[in-house]
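Participant: kindly generate the corresponding structure for this input.
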Amino acid sequence: MAASDIAIVATAQFPSVRRSIYSEVQLLIPTVSAALEAIGVDRSAIGFTCAGSCDYLTGGPFAFVTNLEATRAWPPIAESHVEMDGAWALYEAWVRLQHGDIDLALVMGSGKSSPSRPAEVWPQQLDPYYLAPLGLDPVSYAGLQARALLESGKATERDFAEVVARSRRSAQGNLNAQVRGDVDVDALLAEPYYASPLRKHDLPPISDGAAAVVLARGDRARDLVERPAWIRGLDHRIDPHQPGMRDLTTSASTTLAARKAGYDGGPLDAAEISAIFSPQELILAESLGLPDGTVINPSGGPLCANPIMSTGLVRIIEAADRIMSGDASRTLAHATNGQGLQHNLVCLLEGA
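Facilitator: Take a look at the predicted model:
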């Protein structure tokens, strides 16, 4: 079986909110059920389950184990977990399906940022001797990226604001988005800095949410849905985590992942990219080699909903949904882990 003979056949999202009263398990149960019910598949038919989440956010070791309640873990199931965005859980499930002995896999991604203090949690990902003690949180790291873009002449603060304005307009039709609306670029530029050169709207919202995907291979995919979203290529690459060891105005790992996934810079109907901060969209569009005029983040993207540990999986979902609905023939999705676009994944999807 070719790796390209695996498709997304069902998706579901729990709408992102600033602060959910539900636990991660409670977010996942209806989300997983909706994905399975969409194709009339019982949980017992799933050959492999993989979840992406973060114990740091939950605040307890092996907290991800309780999330298995959403999958009906008894009788025993074949499952795995990645301490990463759900997009990497999808990558593992995609590899597992290539073994050929199963034909269905379930992928989950979930995260609740609201109970924690992200500015204190995320520096713990970094070098424990030099970076973590500085409290180099994602906003500070993104600020360094934004400043590097400005000083290199590759972008202006107006470019950042235009990304925000377009994203919020696009999100108006997305019921799963947390932030939406028609905003004026000049009004955005008149707002005070949050952490220069970033304003608060250049940052993603703090979101609680979850997402689920069902993958199928070969004829099983064709039997389940009329128009599967075929994964034509999927790859992920990583850059050094030390910010002084790479050019922050570009993303070499994204470029390499895109090429390895088979994307050659050709036309796309849409690209869903994990631009967590507005300047990152400019970096990613260039690094991916997106043609001029490509529709970027028609869902609104992470600037309008950022359910950490499922933000990247949501990008794949949004790209796949456009194909399964017949609105697109070829789309691209991107996910990122770590700070400052350190680790990147690219997924190329087609409708035939």
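Participant: now do the helices in the stretch 1-150 of the chain.
Facilitator: Counting by DSSP state H, counting those that start in this stretch, the stretch 1-150 of the chain has these helices, from start to end: 24-38, 55-58, 86-97, 118-121, 138-152.
Participant: most tightly surrounded among these?
Facilitator: A comparison of those by mean neighbour count, using mean count of other Cβ atoms under 10 Å, puts helix 86-97 on top with a mean of 25. The C-beta positions use only the backbone N, C-alpha and C, and glycine is treated the same way.
Participant: contacts for that one, please.
Facilitator: By Cβ atoms under 8 Å, 6 or more residues apart in numbering, the surrounding residues in contact with helix 86-97 are 3, 6, 48-53, 80-82, 102-103, 105-110, 211, 213, 215, 217, 231, 234, 236, 309-310, 312-313, 315-316, 333, 335, 337, 345, 347.
Participant: buried members of those into ChimeraX, please.
Facilitator: The following ChimeraX line selects those of these that are buried, judged by 16 or more other Cβ atoms under 10 Å:
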select :6,48,49,50,51,52,53,81,82,102,103,105,106,107,108,109,110,211,213,215,217,231,234,236,309,310,312,313,315,316,333,335,337,345,347
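Participant: quick one: end-to-end length of stretch 192-200, please.
Facilitator: 8 Å (Cα to Cα, to the nearest Å).
Participant: redo the helices of the stretch 1-150 of the chain as a markdown table? Include mean pLDDT and distance to Asn297.
Facilitator: What follows is the helices of the stretch 1-150 of the chain, written out as a markdown table (pLDDT from 0 to 100; distance: least, Cβ to Cβ, whole Å):
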| stretch | mean pLDDT | distance to Asn297 |
| --- | --- | --- |
| helix 24-38 | 96 | 21 |
| helix 55-58 | 78 | 24 |
| helix 86-97 | 98 | 15 |
| helix 118-121 | 80 | 21 |
| helix 138-152 | 96 | 17 |
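Participant: Gln125 touches His343, doesn't it?
Facilitator: No: counting by Cβ atoms under 8 Å, His343 is not a contact partner of Gln125; they are 10.3 Å apart.
Participant: strands of the stretch 51-200 of the chain, start to end?
Facilitator: Along the stretch 51-200 of the chain, the stretches classed as strands by DSSP state E, counting those that start in this stretch are 79-82, 104-112, 193-195, 198-199.
Participant: list the contacts for Pro15?
Facilitator: Pro15 makes contacts with Leu175, Asn176, Ala177, Gln178, Gly209, as judged by Cβ under 8 Å, 6+ apart.
Participant: leaving out the residues flanking it, which one is nearest to Glu24?
Facilitator: In this structure, Glu24 finds its nearest non-sequential neighbour in Ser110, 4.7 Å apart by Cβ to Cβ, 6 or more residues apart in numbering.
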